[in-house]
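Student: For reference, the sequence and a predicted model appear below.
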Amino acid sequence: MMPMLALAATTMAAGCAAPERRVIMATDPTLLAAEQAYGFADAVVVGDTVTLSGVIVIPRPGETGTQPAFDRVFAAIDDTLTRAGFTWADVVEIESYHADLPGQAQAIIAAKARYVKAPYPAWTAIQVTRFLVDGGVAEVKVTARKSKR
């Protein structure tokens, strides 16, 4: 009886193999160095799903308001989705974290509207007190899944 159980376990394990992972790293040398130092990737693709790391919103010196910084973040997310083989139409969830959610709401809504069209993904916006990188005022992350078209 034991050999039958071993054969069944081997067959089940082979049929339940984990999907292949594809790691998407930054193309900019400075960002790549930071990813390697902190130990994370721009995104990881597993099967039909891609999970992006959060992109921190950092206003540049002299910028008035957060709109330009949110625009840069959504452009960076767009680039990562493209490199992973996904589009905004594949995005199923957006998570955003804000140092000042009421003060940043209009800026993120405007930046998001340039990329996200109906039918809309789920979106969670959360106020927090601190980001890993000094000068960060918000962070945006997305998850996308290819639909069977």
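Tutor: Structure's in. What do you need? Numbering: from 1, shown residues only.
Student: Mind pulling the model confidence for the residue nearest to the spatial centre of the chain?
Tutor: Centroid-nearest residue in the chain, with CA atoms, centre = their mean: residue 52, separated by 2.3 Å. Listed pLDDT for residue 52 reads 98.
Student: Verify the stated contact: it with residue 95.
Tutor: No - using CB atoms under 8 Å, residue 52 makes no contact with residue 95, being 9.9 Å away. Yep, even glycine has a C-beta here, placed from its N, CA and C like the rest.
Student: In this model residue 139 seems to touch residue 57, though I could be wrong.
Tutor: Yes - using CB under 8 Å, residue 57 is in contact with residue 139, at 6.6 Å.
Student: Comparing these two, which residue is more hemmed in?
Tutor: Set side by side, residue 57 and residue 139 show more neighbours around residue 57, with 29 against 22, by other CB atoms under 10 Å.
Student: what's the closest non-adjacent residue to the more buried one?
Tutor: Spatially, and ignoring its direct neighbours in sequence, residue 57 is nearest to residue 138 (3.9 Å; CB to CB, 6 or more residues apart in numbering).
Student: picking up where we left off before, anything in contact with each of residue 52 and residue 95?
Tutor: The contact sets of residue 52 and residue 95 overlap at 141, 142 (CB atoms under 8 Å, 6 or more residues apart in numbering).
Student: end-to-end on stretch 26-43?
Tutor: Terminal residues of stretch 26-43 lie 9 Å apart, using CA to CA, to the nearest Å.
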